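Undergrad: Got a predicted structure here, sequence first:
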Amino acid sequence: MTHDHPDTPARAVSRPFGRVLTAMVTPFTADGALDLDGAARLATHLVDEQRNDALVVNGTTGESPTTTDAEKERLIRAVVEAVGDRAKVVAGVGTNDTRHTIELAAAAEKAGAHGLLVVTPYYNKPPQPGLLHHFTAVADATGLPVMLYDIPHRAGVAIATETLVRLAEHGRIVAVKDAKGDLTATSWVTSRSDLAFYSGEDSLTLPALAVGAVGVVGTSTHFTGAPTQQMIEAYEAGDTAAALALHHRLLPLYTGIFRTQGVILVKAGLTIAGLPAGPVRPPLVDATDDEIAQLRADCAAAGVALPE
C-alpha cells in the first residue's frame, strides 16, 4: 500500500499490519482461568468499535509471562475465529530462549496467526550477534511475517541500528514495534531500510510518524483506538493541525494508562465499561480505588467516557 502526498516525501509506505494495533489484554474469569468467550468479545469490540486493524495477543499486556503455552495457543485460535476475517492477529512469541521462541512461533502459525511479534531476549542480554541469530532463526522457522519488538528498558538491551538494518534484509522480517524512545535511532533505520515502524509508546505515535513510522501498537488504544486511527489518517492527509489537536486531546490517557502497569489499568477500565477483562494474575495486582479514580480523571481529560 502506497500513500503519496504533496506535503510529504515520496517514500513508499508499507503497512503490513495496518495503522492501529492494540496489545490486547487477556481476559480471565473471576477465579483466574482463561476466558476465551471474553477474549472473542473483547477482540470484536476492539476491531468493530475501536477501529483496530490488527490485534497483538500474548504480549506483555496480555500477561504472557503468566500464561501457559497451551493457553497462548487457545487464545490465538479464539481471537482468529472472532476477528480473523477482518483484522490481522499478531501473536507474541518472544522469550529469552531461541528454541522456546521457535516452538511458540510454530504453534502460533498452526493456530492461524497472521504474524509474529518477537521481543528482544530479556534478562540474559545477548550481544548484537546473538540478537541477529535469534531473530533470524525465528523468522526462518515459519512462513509468517515478523514484527521485532525493541524495548530496551524491559529487555536490558537495545537492537542496534546496524542490527535492524541487517535484519531488514530478511524477507519475513517486515516491521518493528519501537519502544526505544529514541526518534533519532528510529530515523536512521527508516532512512536505511523498508522496515515498517510502529510506535510502541502511545504518546510518541504522532512524533514517530514524522520520522517514518506507519502506526502504533498501543495499550490505551483499548479506549482510544478510533480517535488514534483518526489522528494517523489526518496526519497522512496533510492535516497536521487536526492530528496535533487529537494528540493533545488523547495525551492524558496515552500517558495515564501507564501510571502503573498498563494491563492493570486497562483491565480496570474495561471492567467499568462492562467489557471482558477479569483480574490480573500474580505477581501483578488489581488496581486500587485511588488508581481507578485517577484513571477516570485521565479518561475524562482525554474525552473518553467511562460509566459511573
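TA: Sure thing, it's come through.

Undergrad: List the contacts of the least confident helix or strand in the chain by mean pLDDT.
TA: Here the helix or strand of the chain ranked lowest by mean pLDDT, DSSP states H and E is helix 152-155, holding a mean of 95. Identification of contacts with helix 152-155 by Cβ atoms under 8 Å, 6 or more residues apart in numbering yields 60, 119, 120, 121, 122, 123, 125, 158, 179, 180, 181. The way it works is simple: take the backbone N, C-alpha and C, and place the C-beta from them, glycine included.

Undergrad: List the buried residues in it.
TA: Buried residues in helix 152-155, counted by 16 or more other Cβ atoms under 10 Å: 152, 155.

Undergrad: Repeat that for stretch 196-213.
TA: 196-206, 208-209, 211-213.

Undergrad: From one end of it to the other, what's the distance?
TA: This stretch, stretch 196-213, spans 7 Å end to end (Cα to Cα, to the nearest Å).

Undergrad: quick thing: my sequence starts at 235, can you match it?
TA: Will do, 235 is the new start, and the previous item becomes stretch 430-447.

Undergrad: Ramachandran angles for residue 431?
TA: Note on residue 431: backbone dihedrals following degrees, to the nearest 10 are phi -90, psi 130.

Undergrad: Give the closest residue to it in space, chain neighbours not counted.
TA: residue 447 (4.1 Å; Cβ to Cβ, 6 or more residues apart in numbering).

Undergrad: Could you look up the SS state of that neighbour?
TA: Three-state assignment for residue 447 (DSSP: H, G, I helix; E, B strand; the rest coil): coil.

Undergrad: I would like the residues contacting the helix or strand hosting residue 469, please.
TA: Taking DSSP states H and E as the criterion, residue 469 maps to helix 455-470. For helix 455-470, the external contacting residues (Cβ under 8 Å, 6+ apart) are 237, 239, 242, 253-256, 258-259, 280, 283-287, 436, 439-440, 443, 449-450, 452, 474, 476-477, 480-481, 483-484, 487-488, 500, 503-504, 507, 533, 536-538.

Undergrad: The residues you listed in helices, which ones?
TA: 280, 439-440, 443, 474, 476-477, 480-481, 483-484, 487-488, 500, 503-504, 533 (DSSP state H).

Undergrad: Pull out the buried residues from these.
TA: Among the ones in helices among the contacts of helix 455-470, those classed as buried by 16+ other Cβ under 10 Å are 280, 439-440, 443, 477, 480-481, 483-484, 487-488, 500, 503-504, 533.
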